[in-house]
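J.: the sequence and its predicted three-dimensional model are supplied below.
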Amino acid sequence: MDARALYQAAVLDHARHPRREGPLADATHEATLSNPLCGDRVTVRARVAHGVVEDVRFEARGCMIARASASLMAEALAGRSVDDALSLQDALQQLATAKEEPPGDAGALEPLRGVRAFPARVGCVTLAWSCLRQALRSPD
């Protein structure tokens, strides 16, 4: 399966069947961001204890790509340290915006590699991840 097919299949699956979508009643961190260009809106809530993202949930309104990216993000982050979560956000930003194709397997981010072929959709893919960064910077 080529990278574009992987991107399409994983993104469609996460968009149609999002993981970790919904409220998180005992969240310690929260942020909401919108993309005014397309109307996407994402809220990310996380429960962080002792430097570890114990749980993360999202609520998203918008395009399939924004919802799929939020779902992939939430699935990839539970159980990671805050530093690892922020590093993963940096890696996603690099994967989506680098002028040259980043080498190697991007692990949990691999399904999002295909966004580089669609520059107009980079904001859709990065919205939830930017929201995550903002949430994790909020005080406990």
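T.: That came in fine, so what should we check first? These numbers were taken from a predicted model, which means no experiment stands behind them.
J.: surely L112 touches T126?
T.: No: contact criterion Cβ atoms under 8 Å: L112 and T126 do not qualify, at 9.1 Å. No exception for glycine: its C-beta is placed from N, CA and C like everyone else's.
J.: mind listing the shared neighbours of these two?
T.: Common neighbours of L112 and T126, using Cβ atoms under 8 Å, 6 or more residues apart in numbering, are S69, L92, A96.
J.: take these and keep only those in helices.
T.: Here DSSP state H is the test, and these give S69, L92, A96 as lying in helices.
J.: so can I have CSV of these showing distance to F58, neighbour count and pLDDT?
T.: Shown next, in CSV, are these (distance: Cβ to Cβ, whole Å; neighbours: other Cβ atoms under 10 Å; pLDDT from 0 to 100):
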residue, distance to F58, neighbour count, pLDDT
S69, 10, 31, 89
L92, 14, 26, 82
A96, 18, 24, 79
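J.: adding distance to S34, write those residues out as CSV.
T.: Formatted as CSV, these follow (distance: Cβ to Cβ, whole Å):
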residue, distance to S34
S69, 15
L92, 19
A96, 18
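J.: which of these sits closest to V52?
T.: The closest of those to V52 turns out to be L92 (Cβ to Cβ; 19.7 Å).
J.: gap between that closest one and L77?
T.: Applying Cβ to Cβ, to the nearest Å, the value for L92 to L77 is 11 Å.
J.: which elements pack onto whatever helix or strand E54 lives in?
T.: Secondary-structure assignment from DSSP states H and E places E54 in strand 52-61. If you count contacts as 3 or more Cβ pairs under 8 Å, 6 or more residues apart in numbering; DSSP states H and E, strand 52-61 packs onto strand 41-49, helix 64-77, helix 82-97, helix 122-137.
J.: go with 10 Å
T.: strand 29-34, strand 41-49, helix 64-77, helix 82-97, helix 122-137 (3 or more Cβ pairs under 10 Å, 6 or more residues apart in numbering; DSSP states H and E).
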